[in-house]
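Colleague: need a 3D model of the sequence below.
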Amino acid sequence: MTSSIIEESKDIPLSKIQPSRSEHALRSADLMSEDFGNLVLSIKGMGLLEPLGVMKSAEGYEVVVGTRRYEAALVA
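Modeller: Here you go, the predicted structure:
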C-alpha cells in the first residue's frame, strides 16, 4: 500500500469533520479539566489558531492530528 501526504490548507466546516475512528475518545475527566476549559475559551476568543490534521473519509474528513483541539472547537 502506498500512502502520500498532501499538505494543503483550507477551511473545512466542523460539521464535515468526524473524530478519528482509530483514536480513543477523550475521557470525560479530560473534557472537564482546567486546561481543556482554557483551550475552549481560547478558541472562543481567537478561533482555532493551529490547524487540525485531517484526512478524507467516506463521510467527509477524519481528524488524524489535533483531537483535543477538535473537541474543544465543538464545545466553543
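Colleague: how about stretch 11-20: buried residues?
Modeller: Neighbour counts over stretch 11-20 (16 or more other CB atoms under 10 Å) mark 17-18, 20 as buried. (Glycine included, C-beta is placed from N, CA and C.)
Colleague: what distance separates that stretch from the centre of its chain?
Modeller: Relative to its chain's centre, stretch 11-20 lies at 8 Å (CA atoms, centre = their mean, to the nearest Å).
Colleague: likewise stretch 37-48?
Modeller: Centroid separation between stretch 37-48 and its chain, computed with CA atoms, centre = their mean, is 13 Å.
Colleague: now the helices for this structure?
Modeller: Taking DSSP state H as the test, the helices found in the chain are 28-31, 34-46, 67-75.
Colleague: mean pLDDT for those: which is lowest?
Modeller: Mean pLDDT is lowest for helix 28-31 among the helices of the chain, at a mean of 72.
Colleague: before we move on, back to that, so which of the helices of the chain is the most surrounded?
Modeller: Among the helices of the chain, the stretch with the highest mean neighbour count (mean count of other CB atoms under 10 Å) is helix 67-75, at a mean of 18.
Colleague: what's that one packed up against?
Modeller: Packing contacts for helix 67-75, counted by 3 or more CB pairs under 8 Å, 6 or more residues apart in numbering; DSSP states H and E, involve helix 28-31, helix 34-46.
Colleague: neighbours around the nearest residue to residue 64 once chain neighbours are set aside, how many?
Modeller: Of all residues not flanking residue 64 in the chain, residue 53 sits nearest, at 4.8 Å (CB to CB, 6 or more residues apart in numbering). Other residues within reach of residue 53 by the criterion other CB atoms under 10 Å amount to 17.
Colleague: now do residue 53 against residue 45, distance only.
Modeller: Taken as CB to CB, to the nearest Å, the spacing of residue 53 relative to residue 45 amounts to 23 Å.
Colleague: ditto for residue 7
Modeller: Here the distance between residue 7 and residue 45 works out to 28 Å (CB to CB).
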